[in-house]
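> Sequence plus predicted model, see below.
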Amino acid sequence: MVKTRKFKRGQMKIQQMSFMLIAVFLFFALVGMIVLSFMLGNIRESATTLKEQNAKLLVSRMASSPELWCGEVYEREKTDCIDLDKVMALKSNIREYSEFWKISSLEIQKIYPKAIPDKITECTVANYPNCNMITLINKKDSYDVSNYVALCRKEVYNNKIVNKCELGKITVGYEGVE
């Protein structure tokens, strides 16, 4: 009889210990999951911040890319200058460049002087240069970063071909991290 009581008491202690070990394991697993969710949230935030910084760098370099750069204006190289004639030619062949810059939207807007007050007119071959917005890429909603640039194009003035420059804004959109 004494042996059975000791055996039952020992068995009870083993069960208590196993339940305690399971409880401690579940507690640490729960704490680990909470810490992991905070870390994943920070990783998503960091990824979005990195994409935003890359978009800011890209928008500052975009005007100097060979596809958009206006080159020499008034016998001097210009920075942050976009050749609208090149942009219009690029617009008709944008399918070939749709994945080139890895962005979700690219828009160029004329700010000053305004061609049509308070009305945004998309540029086409038919209405160019009497328009104020060129949309090259517009895949979906995105986070936008913009920069001010000079928008230059060739124009005939007094039987001479001259560069006419206006103030504009280039906007690059990038996708956030879900």
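Looks like it came in fine.
> in this structure, which segments are predicted with low confidence?
Along the chain, the parts satisfying pLDDT under 70 run over 1-6, 72-78, 98, 115-118, 176-178.
> counting contacts, what elements does the biggest helix by length in it pack onto?
Counting residues, the longest helix found in the chain (DSSP state H) is helix 2-62. Judged by 3 or more C-beta pairs under 8 Å, 6 or more residues apart in numbering; DSSP states H and E, helix 2-62 is in contact with strand 143-157, strand 160-174. In this view, the C-beta of every residue, glycine as well, is placed from N, C-alpha and C.
> Just send those strands back as JSON lines, with mean neighbour count and distance to residue 20 too.
Below are the helices and strands packed on helix 2-62 laid out as JSON lines (neighbours: other C-beta atoms under 10 Å; distance: least, C-beta to C-beta, whole Å):
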{"stretch": "strand 143-157", "mean neighbour count": "17", "distance to residue 20": "50"}
{"stretch": "strand 160-174", "mean neighbour count": "17", "distance to residue 20": "51"}
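> Put together JSON lines for those strands, with distance to residue 64 on each row.
Shown next, in JSON lines, are the helices and strands packed on helix 2-62 (distance: least, C-beta to C-beta, whole Å):
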{"stretch": "strand 143-157", "distance to residue 64": "10"}
{"stretch": "strand 160-174", "distance to residue 64": "11"}
